[in-house]
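**Q** Dropping a prediction and its sequence here:
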Amino acid sequence: MRALHYRRIGAEPELVDVPAPEPGPGQVRIRVTAAGACHSDTFLMSLPEEAFGYPLPLALGHEGAGVVDTLGAGVTGLEPGTPVAVYGPQGCGRCYPCSHGKENYCPDAAGLGIFPPGLGAPGTMAEYLVVPDARHLVPLGDLDPAANVALTDAGLTPYHAIKGSLGKLGPGTAAVVIGTGGLGHVAVQLLKALTPARVIAVDVSEAKLRLARDVGADAAVLSGAGTAADVRELAGGRGAAAVFDFVVNQATVDLGTEVIGTEGDIVLVGLGSATASVGPVSALPRDATIRAPYWGSRDELIEVLDLARSGLVRVETERFTLQEAPEAYRRLRDGTLRGRAVITP
Ligand code: NAD
Ligand code: ZN
């Protein structure tokens, strides 16, 4: 089968021909119909050898959809041909967080050698993918795979991040979304669908701000010298009730701390390396919180797909073939995509 492999530190990923994986006992093989490209992949490919924690080559892609193809020994209750989405942040399935469906917070996964596809385990940018357990497959139903595959991360991650702050986003509040790319443009829609908050988008790109407005942002601010003052004014006297930062560099973290209001949530989602702090005691408004969520739970993935079925969230996608996947990553790195790049093998 064909697959997209990251083979050498610093090099572009390459299309390779490798044997299709066979499902072992309890495992399921899917024929991949769509895979999404995430900024986390380009982050991974930007790491120097010392910091790159996975064996190479690595098949890329942690957003995946497909149809059930072959059942490993002992697997029952799944029909070949059924369309499915892949739940990526797989855990041990037995510990306390996993028992709640929060496999994204499994404390044992890495120790047991369990890694998400494309982030340690073979990724979704391939013609076939084996998942270690049938529970990692969520029914896609009649949702179009290419249009919805990005919901498995670019939808699930902001959904999980926003759900943690829902109680604070009541009438008259403001929510700020910093970075309206793949994840951020879905965050804007989720905030509009789930809360009455005024949504203020911030980005360094006019094109991404246009997208934010197109998908429902109430205001869009180009990042620059006066951004904090502009956002504060748009947020009204109380400051922002929540800031969702999909970048996390020093400028965006500083912006978040400058615009957050009393009891507000600063939610750091981007994989940038800036630090946010709560001290000295008077530095942030009273009772403000800083959180750094990761991906989402299995039940949340089902909920996000339901929101798509109801027409409340729609991922803006640009389509590429597997051959064109390196180009998709180039465009992602250069910041010229509108929404998410989706590869259809
Ligand atoms: P993306 O490239 O599609 O979007 C990033 C957006 O941020 C772009 O629109 C870009 O113009 C904007 N931006 C860049 N610098 C900015 C700045 N200084 N101020 C304002 N906007 C700025 O990336 P993506 O795939 O949406 O991923 C977003 C981030 O989330 C990445 O860091 C990714 O690694 C991370 N991520 C985290 C998780 C998690 O579980 N925590 C999951 C998935 C992705
Ligand atoms: Zn991702």
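**A** Received, thanks. Quantities reported herein were computed from a predicted structural model and do not represent experimental measurements. Ligands and ions are numbered 1, 2, ... in the order given.
**Q** only C-alpha atoms for contact and neighbour calcs from this point on.
**A** Will do.
**Q** Enumerate every residue touching F52.
**A** L44 (Cα atoms under 8 Å, 6 or more residues apart in numbering).
**Q** how much space between it and G113?
**A** Using Cα to Cα, to the nearest Å, F52 is found at 16 Å from G113.
**Q** for ligand 1, what are the nearby residues on this protein?
**A** Contact residues (Cα under 6 Å from any ligand atom) of the chain with ligand 1: 38-40, 153, 157, 178-184, 202-205, 208, 223, 246-247, 252, 269-272, 293-295, 332, 335.
**Q** Among the residues you listed, which lie within helices?
**A** For the residues of the chain next to ligand 1, the ones inside helices are H39, S40, T157, G182, L183, G184, K208, T252, L332, with DSSP state H as the criterion.
**Q** These, buried ones only, as a ChimeraX selection?
**A** A single ChimeraX command suffices to select whichever of these are buried according to 16 or more other Cα atoms under 10 Å:
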select :39,157,182,183,184,208,252,332
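**Q** With pLDDT added, can I get the ones in helices among the residues of the chain next to ligand 1 in a markdown table?
**A** Output for these, formatted as a markdown table (pLDDT from 0 to 100):
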| residue | pLDDT |
| --- | --- |
| H39 | 97 |
| S40 | 96 |
| T157 | 98 |
| G182 | 98 |
| L183 | 98 |
| G184 | 98 |
| K208 | 98 |
| T252 | 97 |
| L332 | 97 |
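**Q** Pipe the ones in helices among the residues of the chain next to ligand 1 into TSV and attach distance to S99 per row.
**A** Compiled in TSV, these are given as follows (distance: Cα to Cα, whole Å):
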residue	distance to S99
H39	29
S40	27
T157	19
G182	30
L183	27
G184	29
K208	38
T252	35
L332	35
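**Q** for the ones in helices among the residues of the chain next to ligand 1, which one is nearest Y128?
**A** S40 (21.7 Å; Cα to Cα).
**Q** any idea how far the closest residue to that closest one other than its chain neighbours lies from R291?
**A** Once flanking residues are discounted, S40 sits nearest to L271: 7.3 Å by Cα to Cα, 6 or more residues apart in numbering. Using Cα to Cα, L271 is found at 13 Å from R291.
**Q** Name the residues contacting each of the two.
**A** Joint contacts of L271 and R291 (Cα under 8 Å, 6+ apart) do not exist.
**Q** in the stretch 101-250 of the chain, which spans are helices?
**A** Taking DSSP state H, counting those that start in this stretch as the criterion, the stretch 101-250 of the chain contains helices spanning 145-148, 156-163, 182-194, 206-214, 227-235, 250-259.
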